[in-house]
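>>> Here's my sequence, what's the structure:
(2 chains)
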Protein chains: 2
Amino acid sequence: MKLAIVGGGQLGRMMAQAALPLGIKTVLLDPSDQACGGDCGDLIIADYADEKALDQLTDKTDAVTFEFENVPAAAFARLERALPAFPPAKALDTARDRWNEKSLFQSLNITTAPLALVDDQASLEAGLEKVGLPAVLKTRTLGYDGKGQKVIRENKDIAGTFTELGSVPMLLEGFVAFDYEVSCISVRSKQGDCKFYPLVENEHRQGILHKSQPLINHPLQSKAEQAAQSVMNALDYVGVMAFEFFVKGDELIANEIAPRVHNSGHWSIEGSACSQFENHVRAVLGLPLGSTETLHPIAMLNVIGARPDISKLLSVPGVHLNDYGKSERPGRKIAHINISAPSQAELTVRVKAVEALLVNQL
Amino acid sequence: MKLAIVGGGQLGRMMAQAALPLGIKTVLLDPSDQACGGDCGDLIIADYADEKALDQLTDKTDAVTFEFENVPAAAFARLERALPAFPPAKALDTARDRWNEKSLFQSLNITTAPLALVDDQASLEAGLEKVGLPAVLKTRTLGYDGKGQKVIRENKDIAGTFTELGSVPMLLEGFVAFDYEVSCISVRSKQGDCKFYPLVENEHRQGILHKSQPLINHPLQSKAEQAAQSVMNALDYVGVMAFEFFVKGDELIANEIAPRVHNSGHWSIEGSACSQFENHVRAVLGLPLGSTETLHPIAMLNVIGARPDISKLLSVPGVHLNDYGKSERPGRKIAHINISAPSQAELTVRVKAVEALLVNQL
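The predicted structure is shown next:
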């Protein structure tokens, strides 16, 4: 079998790494000749709009998938005509637009923060009446890792905010004073079977994910699974989907979905019987889903902008470095470190030891 | 960093797979254009005696290692002049010749079966006087997976046996009526640090490894570690070495070493904090060794000659298929399956489920 992947960054690379031991070859499309996915799959270097390259990508392959949601519509349509393409266009379209996404959540009775649509400074002011302060203004599309959003705490923050974020269509959300953030990594097969990894607690620094750690037997697990399943069913989803939530007391408040393998699921490579990457590959190729059971304590730390000393890092027991082979640049995710341990107490010790070695540049 | 690997079969391939997440590129040399290691490293297709290819292999790389022990001496010498080459020539030379190997064990007071050197039919008969019946006659070099050896049970088996095995230098060993076979996968760093995986119980079928499973806290663990450490120290060993033993009651009887990553250590990819492949790569590149702790119950089954139904196989929870991407042929190792489980009881159930799906052709 052969899988086509649009995008040759670290997510495509880790899909290719997961496919290889299953006897599945991969071919990746990326505009950059530095794309790190080329280290373990065939790389086609071309723009995503290049029709010849798209046709080359789907030649003698069995399915096509995506490492990011912003696939140009024309490219998606061309790929979909040639091959089974997952996740489906409906999922990418929904996830790309925060208003559509939140509207879907509300239609499925999934709790969200109060919402208002913002098209100009006037509708921003009207929205604030409805949503209240503090609130978060976000562009409807193209935001990630804290980019394309701004917290409005006081009335004086309102003036000029619409222009500041680019005068594009936006969404205003009530600010959730959450206790912590979690995500639910889920996977759905072509036959509609669903599996869920345990809820993951995510800790961000300056808007970028710093640490993820699964929470075994969390009381909100089944509520999160129900929400994820209803969204995946509504979207005829196939593959891995990440669902981010805020936790406030015993409340689970939906934040957003990512229609792809996700940074908060990287711990599953060493922590789960079947990783998110392998399960995504299995799903899009119509193979049975793998077990999402967690077999031992595990956590993940991101390496951002600069690499720690590799000898010191590898001296910490239970460290699994996953370096994406990318050059260093502030704010860039260049590796992650999974940390295994025989007990939660020992895991805490090891995580602290690794954190002390990080030289991240955000 | 970049690692050169002589041999592009499944062992080289799994070294390359382990190197990739460490940010280490690999280049492999193999005479076959079908060599499966080329799927995740650069492949140079040339004979091992090709000097130009050997020089290309060592160009801009940091160290060279080997996936097999029968490296031509001239090739090894050329590589060693260019780069740090591990394991050292002394280790390959010793492992290649069963008489030298057993003599080393005896010089280090490691228990072996009774031995005799055989150069012709007359010395075979003299050897049988010393060793007794039953006995095993083995060629000094080039045997593996039960090839190049014959069990002599009765006096009538003696006639013609020397000629039958090729009239080459041989070794006669007393037959050990062992309870079971184990191996100790060990790793030694450039600085002489040693780490050991738990003893593995190995079950063979028709001389080919069928199943491997680690035995946690086995009473002979420390005795095996002492033997492995003394052999590695004597050979100035760097990298992973496998040591095979027979267990008879509370006795540990040395059988042979393999100066490389080994089939009986493949379970460590999913079962250990750091796999044998990653530890080998770390050792030969002078990086710190990783933890050899076993984090959950695990076993390995070999896929030989023919592939099982992949959909049925992947439906068994905890299954990690590692397909080498090789074509099917009776007797050929084409994949292995690691099986994880949360308990030993559940592991037994899963292993039986997988065994029922195998369609091995020996």
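>>> Not counting residues beside it along the chain, what's closest to residue A:301?
Once flanking residues are discounted, residue A:301 sits nearest to residue A:337: 4.8 Å by CB to CB, 6 or more residues apart in numbering or on different chains. (Glycine included, C-beta is placed from N, CA and C.)
>>> what's the helix or strand containing the one you found packed up against?
Here residue A:337 sits within strand A:333-340, counting by DSSP states H and E. Here strand A:333-340 touches helix A:268-271, strand A:298-304, strand A:319-323, helix A:344-357, going by 3 or more CB pairs under 8 Å, 6 or more residues apart in numbering or on different chains; DSSP states H and E.
>>> Surely residue A:200 is in contact with residue A:266?
No - counting by CB atoms under 8 Å, residue A:200 stays clear of residue A:266, with 9.8 Å between them.
>>> who touches both of the two?
residue A:212 (CB atoms under 8 Å, 6 or more residues apart in numbering or on different chains).
>>> show me the contacts for the closest residue to chain B within the stretch 1-150 of chain A.
Here the stretch 1-150 of chain A gets closest to chain B at one residue, residue A:23, 3.3 Å apart by CB to the nearest CB. By CB under 8 Å, 6+ apart, residue A:23 lies in contact with A:1, B:307, B:310, B:321, B:323, B:325, B:335.
>>> Find the residue closest to the last one in space, skipping its chain neighbours.
If you skip the residues right next to it in sequence, residue B:335 has residue B:303 as its closest partner in space, 3.8 Å away by CB to CB, 6+ apart.
>>> Tell me who's in contact with the one you found.
So residue B:303 contacts B:323, B:333, B:334, B:335, B:336, B:337, B:358, B:360 (CB under 8 Å, 6+ apart).
>>> so which of these is the most crowded?
residue B:337 (27 neighbours; other CB atoms under 10 Å in any protein chain shown).
>>> ok, so what distance separates that residue from chain A?
Separation of residue B:337 from chain A (CB to the nearest CB, to the nearest Å): 10 Å.
>>> partner residues bridging that residue?
Here residue B:337 sits in beta bridges with residue B:301, residue B:321, going by DSSP bridges.
>>> ok, it - contacts?
B:300, B:301, B:303, B:313, B:319, B:320, B:321, B:322, B:354.
>>> what about the first one, how many residues close to it?
In other words, residue B:300. 28.
>>> Let me see the ranges of the helices in the stretch 201-350 of chain A.
A:221-234, A:268-271, A:276-284, A:310-315, A:344-357 (DSSP state H, counting those that start in this stretch).
>>> Rebuild the ones you listed as TSV, extending it with mean neighbour count, distance to chain B and mean pLDDT.
Below are the helices of the stretch 201-350 of chain A laid out as TSV (neighbours: other CB atoms under 10 Å in any protein chain shown; distance: least, CB to the nearest CB, whole Å; pLDDT from 0 to 100):
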stretch	mean neighbour count	distance to chain B	mean pLDDT
helix A:221-234	19	17	98
helix A:268-271	24	8	98
helix A:276-284	28	6	98
helix A:310-315	17	4	98
helix A:344-357	16	10	98
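>>> Throw the ones you listed into JSON lines and include distance to residue B:99, thanks.
Converted to JSON lines, these look like this (distance: least, CB to CB, whole Å):
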{"stretch": "helix A:221-234", "distance to residue B:99": "61"}
{"stretch": "helix A:268-271", "distance to residue B:99": "43"}
{"stretch": "helix A:276-284", "distance to residue B:99": "46"}
{"stretch": "helix A:310-315", "distance to residue B:99": "39"}
{"stretch": "helix A:344-357", "distance to residue B:99": "46"}
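>>> closest one to residue B:93 among those?
Nearest to residue B:93 among those is helix A:310-315 (30.6 Å), distances taken as CB to CB.
>>> Residues in contact with stretch A:64-75: which ones?
Contacts for stretch A:64-75 (CB under 8 Å, 6+ apart): A:3-9, A:11-12, A:15, A:48-49, A:54, A:57-58, A:79-80, A:82-87, A:89, A:92, A:95-96, A:142, A:239, A:258-261, A:280, A:284.
>>> How much space separates residue A:183 from chain B?
On the measure of CB to the nearest CB, residue A:183 and chain B end up 22 Å apart.
>>> Which residue is the nearest non-sequential neighbour of the residue of the stretch 251-362 of chain A found nearest chain B?
Residue of the stretch 251-362 of chain A nearest chain B, by CB to the nearest CB: residue A:323 (3.4 Å). Leaving aside its sequence neighbours, residue A:323 sits nearest to residue B:23 (CB to CB, 6+ apart; 3.4 Å).
>>> can you give me the strands for the stretch 151-300 of chain A?
In the stretch 151-300 of chain A, the segments counted as strands under DSSP state E, counting those that start in this stretch are A:170-174, A:180-188, A:194-196, A:200-205, A:208-214, A:239-248, A:251-258, A:298-304.
>>> List the contacts of the residue sitting nearest the centre point of chain A.
In chain A, the residue lying closest to the centroid (CA atoms, centre = their mean) is residue A:262, at 3.0 Å. Counting by CB under 8 Å, 6+ apart, residue A:262 touches A:183, A:185, A:240, A:242, A:276.
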